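K.L.:
Provided below are the primary sequence and the corresponding predicted coordinates.
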Amino acid sequence: MKGPFSRLAPNVQGAVWLLLSAVTFVGMTTLVKHLSGDYPSHLQNFYRQTGSLIVAIPFMLRSPRQVLLVPRATMPALFVRSLLATVGMVLLLYTYEAMPMAEANALSFTRPLWVVLLAALFLRETIGPSRIAAVVVGFIGVVIIMRPWGADTALGWPHLAALVSALCLAGTITGVKSLTRDLSASSILVWSSIMGELLCLPLALADWRWPSPADLIPLFLIGLLSAANQVLFIKGMAVGEAAVLAPIDYARLVLSIIAGLVVFGEWPDAFTYVGAGVIVVSTLYITIREIQSKRAKTLAIDAGQPDASNPLGLGAADDNRAG
């Protein structure tokens with residue numbers, strides 16, 4: 001895609017990468033739902049993690065000492081991040097198995113809301129009234145989707161799993177921002193892949209089954225699409241402006257509705273549309289406020305004023321991928 005593509009404006013390039021990222025994510029979750037009758041979520045996550053580990057091998061071979069030799073003091077943080085990512089991904093895959101795709105996708109966007117709360121608790125970041133209001137509004141959207149009222153309530157374990165998954169994956173985001181002070185992105189990727197594989201193995205062995213020849217390709221594609229999803233998202237955010245590109249990630253909602261309808265015959269109800277809209281608006285507001293705040297603090301630092309409220313530069317625009 002070099003040549004004409006490289007001459008496009010950076011934000012246009014970033015938009016293309018993010019749209020491709022959305023396609024790979026919905027493709028992965030569609031395959032997960034397709035295989036859910038034969039492979040439980042923890043076993044699918046093992047195969048997904050195996051695919052990610054295969055992707056990480058070239059990084060190890062290119063510079064093994066720089067990638068694998070990390071300070072011993074960082075190992076506990078790497079382990080905790082990998083544990084949260086494993087639990088979060090198993091629960092995420094379970095939600096896509098047990099819920100309509102559009103509903104599961106909408107709840108997955110609560111991750112930035114959790115990041116704001118975790119940043120306040122563990123990174124000592126100051127949360128102003130507007131961000132608190134946005135978080136509250138976002139969780140009102142969650143309640144609308146879960147609709148815990150009336151005799152036909154849809155509230156169940158999959159909804160709880162979706163929220164706990166978002167919380168765990170938000171924890172990995174908070175953790176990786178801390179780890180980048182001491183480790184390179186390649187080291188974090190490789191060690192997360194290794195630890196994730198080891199953590200997935202006991203759960204996979206407890207319910208093991210060898211894949212049939214017909215399932216080998218879909219299972220391999222789940223791992224490949226998962227890795228490609230993260231790479232494409234990071235690439236898009238790297239070349240474009242986060243404030244401009246953040247809304248494009250919500251294409252996942254549209255694509256998940258289309259995939260759910262075409263592949264599985266699912267049609268979201270009005271509560272899903274309304275709740276998803278509320279979550280989207282609240283997380284977009286948080287993203288824009290974070291970026292504006294970050295720019296203001298950068299200008300203040302350039303002017304000689306230290307920034308003690310957010311030492312790690314946490315921003316909501318980076319919070320839609322983890323694991």
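P.N.:
Great, that's in hand.
K.L.:
drop to CA atoms for contacts and neighbour counts, all remaining ones
P.N.:
Will do.
K.L.:
contacts for the helix or strand where residue 258 lies?
P.N.:
For residue 258, the host element (DSSP states H and E) is helix 251-264. For helix 251-264, the external contacting residues (CA atoms under 8 Å, 6 or more residues apart in numbering) are 19, 22-23, 25-26, 30, 100-102, 105-106, 266-268.
K.L.:
What residues sit buried inside the following helix or strand past it?
P.N.:
With elements assigned by DSSP H and E, the helix or strand that comes after helix 251-264 is helix 270-302. Of all the residues in helix 270-302, those buried under the rule 16 or more other CA atoms under 10 Å are 271-273, 275-276, 278-291, 294, 297-298.
K.L.:
For helix 270-302, give the mean pLDDT please.
P.N.:
Helix 270-302 carries an average pLDDT of 78.
K.L.:
quick one: that helix to helix 251-264, angle?
P.N.:
Compare the direction of helix 270-302 with that of helix 251-264 by axes from the mean of the first three to the mean of the last three CA atoms, to 10 degrees and you get 150 degrees.
K.L.:
Can you work out which other helices and strands pack against helix 270-302?
P.N.:
Contacts defined by 3 or more CA pairs under 8 Å, 6 or more residues apart in numbering; DSSP states H and E place helix 270-302 against helix 101-108, helix 111-122, helix 129-146, helix 242-245.
K.L.:
Please pick the buried ones from the contacts of helix 251-264.
P.N.:
Neighbour counting by 16+ other CA under 10 Å classes 19, 22-23, 25-26, 30, 100-102, 105-106, 266 among these as buried.
K.L.:
which one of those residues sits closest to residue 210?
P.N.:
residue 30 (20.9 Å; CA to CA).
K.L.:
ok, so what distance separates that closest one from residue 36?
P.N.:
For residue 30, the distance to residue 36 equals 10 Å [CA to CA, to the nearest Å].
K.L.:
What of residue 279?
P.N.:
In terms of CA to CA, residue 279 sits 27 Å off from residue 36.
K.L.:
about what we covered before: can you redo the contacts of helix 251-264 as a markdown table with distance to residue 206?
P.N.:
Shown next, in a markdown table, are the contacts of helix 251-264 (distance: CA to CA, whole Å):
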| residue | distance to residue 206 |
| --- | --- |
| 19 | 37 |
| 22 | 32 |
| 23 | 32 |
| 25 | 27 |
| 26 | 28 |
| 30 | 25 |
| 100 | 27 |
| 101 | 27 |
| 102 | 30 |
| 105 | 28 |
| 106 | 31 |
| 266 | 32 |
| 267 | 35 |
| 268 | 35 |
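K.L.:
quick one: which of the residues you listed is nearest to residue 230?
P.N.:
Checking these against residue 230 with CA to CA, the nearest one is residue 25 at 8.9 Å.
K.L.:
excluding its backbone neighbours, what's nearest the closest one?
P.N.:
Leaving aside its chain neighbours, residue 25 sits nearest to residue 229 (5.8 Å; criterion: CA to CA, 6 or more residues apart in numbering).
K.L.:
Spit out the contact partners of the one you found.
P.N.:
By CA under 8 Å, 6+ apart, residue 229 lies in contact with 20-22, 24-25.
K.L.:
and with 6 Å instead?
P.N.:
Shown in contact with residue 229 (CA atoms under 6 Å, 6 or more residues apart in numbering): 21, 24-25.
K.L.:
List the buried residues in the helix or strand harbouring it.
P.N.:
Element membership of residue 229 [criterion: DSSP H and E] is helix 213-239. Buried positions in helix 213-239, judged by neighbour count with 16+ other CA under 10 Å: 218-230, 232-237, 239.
K.L.:
Centre of the chain to that helix, how far?
P.N.:
Distance of helix 213-239 from its chain centroid, counting by CA atoms, centre = their mean, to the nearest Å, is 13 Å.
K.L.:
Stretch 232-241 now?
P.N.:
On CA atoms, centre = their mean, the centre of stretch 232-241 falls 14 Å from that of its chain.
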